[in-house]
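[1] below: sequence and its predicted model.
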Amino acid sequence: MITLTVDLAERSYPIFIGQDLLQQPGLVAPFVKGTQVMIVTNSTVAPLYLDRAKALFTDLQVDAVVLPDGEEYKNLEILNRIFDQLIGGHFDRKSTLVALGGGVIGDMTGFAAAAYQRGVPFIQIPTTLLSQVDSSVGGKTGVNHPQGKNMIGAFHQPQAVVIDTLTLNTLEDRQLSAGLAEVIKYGLIRDLAFFEWLEQNLEGLMARDHALLAQAIERSCQNKADIVAADETEQGQRALLNLGHTFGHAIEAGMGYGAWLHGEAISAGMMQAAYMSQLLGDLSAADVERIGAIFKRAKLPIYPPNELSNEQFMHYMAGDKKVQAGKVRLVLLKSIGQAYISGDYPAELLQKTLTEWRS
Ligand SMILES: NC(=O)c1ccc[n+]([C@@H]2O[C@H](COP(=O)([O-])OP(=O)(O)OC[C@H]3O[C@@H](n4cnc5c(N)ncnc54)[C@H](O)[C@@H]3O)[C@@H](O)[C@H]2O)c1
Ligand SMILES: O=C(O)C(=O)C[C@@H](O)[C@H](O)[C@H](O)COP(=O)(O)O
Ligand SMILES: [Zn+2]
């Protein structure tokens, strides 16, 4: 087992990465506050892992709320089911919530924990590649609004993140690919050596070589932990984790939540950002082709959906959380391995990107 730390002074917490951690009760128990545990999961993950997750918590009152599965249910109405069950079961202020599932469950459970009785602790047990490399770490929690992704939420750090890499055995191929999009993101924004390693090992990762997956998860979590420790609430460099997301979130909302997976949408979005970086003279055409090649090998889309017009893109992008004084700020690339945030690009270059980077 590997242990990393997210270094946030009194709110620091460990990330445990290993095989079969869902069979190790001693690992999680110390992070439970109080005597009541509410596991939040969904209808796909519950039959696979809920019994094992419950067995992690001995001598405690353990209950579970099983939500419907899908990005389209990441909203306030479904979030309320968690509160209904907590209040109905008389869960007190020292209760611990446990997120068992992918990023949707993690974001919703974290937000429920941030809001329930003004804040209770929670533990992340991520079971998709995407949630193991990104969403379970860093404390961004929340739900979607029809007009925009993750528009309602809070920063609320977990007590611990427990990554059992064996849960990836049951994940669908399409979901594994979606997770690789966020893995590749770390290479693009700040870790050229990791990007090169991914180029060398992509097929092994797609074939679910466990040693390679564990390495990719560790390197991704280390990158994320470093950024979060330096900038917990996105005052500066944390925004780099948003590479491709201003475009990608527009795709998710514009196409209807769930039609495009988050990882798929940001894959196309990272290509749009890369193409715009080429128009700005920072990336070469060969760089853009190189980035596209790794996404294609990961079976991820490189172009946005043609159904989404430039006007629709602009509508959703104008509501992005990084907008300042009416200007859409974008994460762009100086080179592969070096991202920056920009609000002073020429407006016509964004239009040109939306028009020209199409299949
Ligand atoms: N908070 C953050 O920092 C952050 C970072 C990245 C993404 N996100 C959010 O995460 C969400 C995407 O997360 P995701 O890609 O994990 O999607 P997801 O949570 O929808 O999970 C994908 C699918 O896999 C299923 N599943 C989960 N674990 C499984 C397993 N072990 N075996 C079989 N099936 C399993 C789920 O039921 C679901 O159908 C988006 O809402 C995105 O906005 C948040
Ligand atoms: O942790 C972060 O910070 C990220 O931006 C990680 C992203 O991969 C993730 O999709 C996040 O939820 C996006 O944040 P948002 O603030 O743009 O909603
Ligand atoms: Zn993301």
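    Yep, that arrived. Residues are numbered from 1 along each chain as shown. Ligands and ions are numbered 1, 2, ... in the order given.
[2] contact partners for the closest residue to ligand 1 within the stretch 151-300 of the chain?
    Proximity of the stretch 151-300 of the chain to ligand 1 (CB to the nearest ligand atom) peaks at Thr170, 3.5 Å away. The C-beta positions use only the backbone N, C-alpha and C, and glycine is treated the same way. Contacts for Thr170 (CB atoms under 8 Å, 6 or more residues apart in numbering) come out as Leu48.
[3] what does the chain put close to ligand 1?
    42, 44-45, 48, 69, 71, 74, 101-105, 107, 127-128, 130-131, 134-135, 138, 140, 149-150, 167, 170-171, 175, 178, 262-263 (CB under 6 Å from any ligand atom).
[4] among these, name the buried ones.
    Among these, those classed as buried by 16 or more other CB atoms under 10 Å are 42, 44-45, 48, 69, 71, 74, 101-105, 107, 127-128, 130-131, 134-135, 138, 140, 149-150, 167, 171, 175, 178, 262-263.
[5] so which of the residues you listed are in strands?
    Judged by DSSP state E, these include 42, 101, 140, 149-150 as members of strands.
[6] just those residues that are near ligand 2?
    Okay, of these touching ligand 2 (CB under 6 Å from any ligand atom), that's 140, 149-150.
[7] roughly how far apart are Thr3 and Ile163?
    11 Å (CB to CB, to the nearest Å).
[8] out of the two, which sits in the more crowded spot?
    Using other CB atoms under 10 Å, the more surrounded residue of Thr3 and Ile163 is Ile163, with 29 against 11.
[9] what strand or helix carries the more buried one?
    strand 161-164 (DSSP states H and E).
[10] for Pro301, grab phi and psi.
    Dihedral pair for Pro301: phi -70, psi 140, per degrees, to the nearest 10.
[11] what pLDDT does it get?
    Looking at Pro301, its pLDDT stands at 99.
[12] neighbours of it, how many?
    Neighbour tally, Pro301, other CB under 10 Å: 21.
[13] list the residues that contact it.
    Applying CB under 8 Å, 6+ apart, the residues near Pro301 are 260, 264, 267-268, 295.
[14] so which of these are in helices?
    264, 267-268, 295 (DSSP state H).
[15] and those residues near ligand 2, which?
    Within the ones in helices among the contacts of Pro301, nothing lies near ligand 2 by CB under 6 Å from any ligand atom.
[16] can you select the buried ones from the residues you listed in ChimeraX?
    Those of the ones in helices among the contacts of Pro301 that count as buried under 16+ other CB under 10 Å are selected in ChimeraX with:
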select :264,267,268,295
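[17] quickly note the distance from the residue nearest the centre of the chain to His145.
    Centroid-nearest residue in the chain, with CA atoms, centre = their mean: Ser135, separated by 3.3 Å. Distance, Ser135 to His145, using CB to CB: 18 Å.
[18] circling back: what's the pLDDT at the residue of the stretch 151-300 of the chain closest to ligand 1?
    For Thr170, the predicted pLDDT is 98.
[19] pretty sure Leu213 contacts Thr165?
    Yes. The criterion here is CB atoms under 8 Å, and Leu213 meets it with Thr165 at 5.9 Å.
[20] of those two, who's got more company?
    Each of Leu213 and Thr165 has its neighbours counted (other CB under 10 Å); Leu213 has more, 23 against 20.
[21] list the helices and strands the strand or helix carrying that one packs on?
    Under the criterion of DSSP H and E, Leu213 resides in helix 210-230. Under the contact criterion of 3 or more CB pairs under 8 Å, 6 or more residues apart in numbering; DSSP states H and E, helix 210-230 touches strand 2-6, strand 13-18, strand 161-164, helix 173-190, helix 192-206.
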